[in-house]
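*Asks:* here you go, sequence then predicted model.
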Amino acid sequence: MRLHRRIIVIGIAVGIFGALSGCGVSDRLSHEETRHFDARADAPTKGMIAFAMPEWVPADARDITMDVQTQGKGKNLSLRSDTAELASRCESQTSATTQKPIPEPQGWPTTVQTEAGAQCGEWRVVVAGERLYAWTLPSTP
């Protein structure tokens with residue numbers, strides 16, 4: 001009987017810890033996490049480094065949403081910026097990539113993945129309307 005109570009107490013403690021840590025069960029099962037930042041300066045520079053902003057993201061970036069596939073398959077980024085030009089290390093592309101974002105982006109215009117955009121390091125970047133959309137190309141194991 002004592003073992004049964006101990007198991008219940010441990011189960012409740014794990015559930016409470018999971019709820020307080022902000023990590024949902026669905027995030028763990030899908031291996032995806034999403035974070036929102038009001039401004040670039042709010043993004044981490046250490047600790048949760050998976051959510052650090054790439055160098056090419058403009059300093060005035062705001063309303064930033066980043067989705068990370070936690071098993072290293074990819075990242076998606078959506079933001080607003082008044083900066084019209086991307087960093088000099090970004091290269092314009094003449095055709096769309098055939099590699100699609102992983103994880104599957106939610107709420108993106110369907111045309112984003114068919115635009116040529118630019119290549120900024122490992123990121124494919126497309127401007128659509130008032131937002132900039134970007135995703136890393138999946139890495140090969």
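*Replies:* Noted; the coordinates are in hand.
*Asks:* in stretch 97-106, what's buried?
*Replies:* Within stretch 97-106, the residues that qualify as buried are T97, P101, I102, P103, P105, counting by 16 or more other Cβ atoms under 10 Å. Using the backbone N, CA and C atoms, a C-beta is placed for each residue, glycine as well.
*Asks:* how about CSV for the residues you listed, with pLDDT and distance to F37 added?
*Replies:* As requested, the buried residues of stretch 97-106 are exported to CSV (pLDDT from 0 to 100; distance: Cβ to Cβ, whole Å):
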residue, pLDDT, distance to F37
T97, 81, 26
P101, 82, 19
I102, 74, 21
P103, 77, 18
P105, 86, 17
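*Asks:* taking those together, which two end up most distant?
*Replies:* For the buried residues of stretch 97-106, the farthest-apart pair by Cβ to Cβ is T97 and P103; their separation is 16.3 Å.
*Asks:* re the thing from before, want to try TSV for the buried residues of stretch 97-106, with distance to K75 and secondary structure as columns?
*Replies:* Listed next are the buried residues of stretch 97-106 as TSV, based on distance: Cβ to Cβ, whole Å; DSSP: H, G, I helix; E, B strand; the rest coil:
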residue	distance to K75	secondary structure
T97	15	coil
P101	8	coil
I102	9	coil
P103	9	coil
P105	10	coil
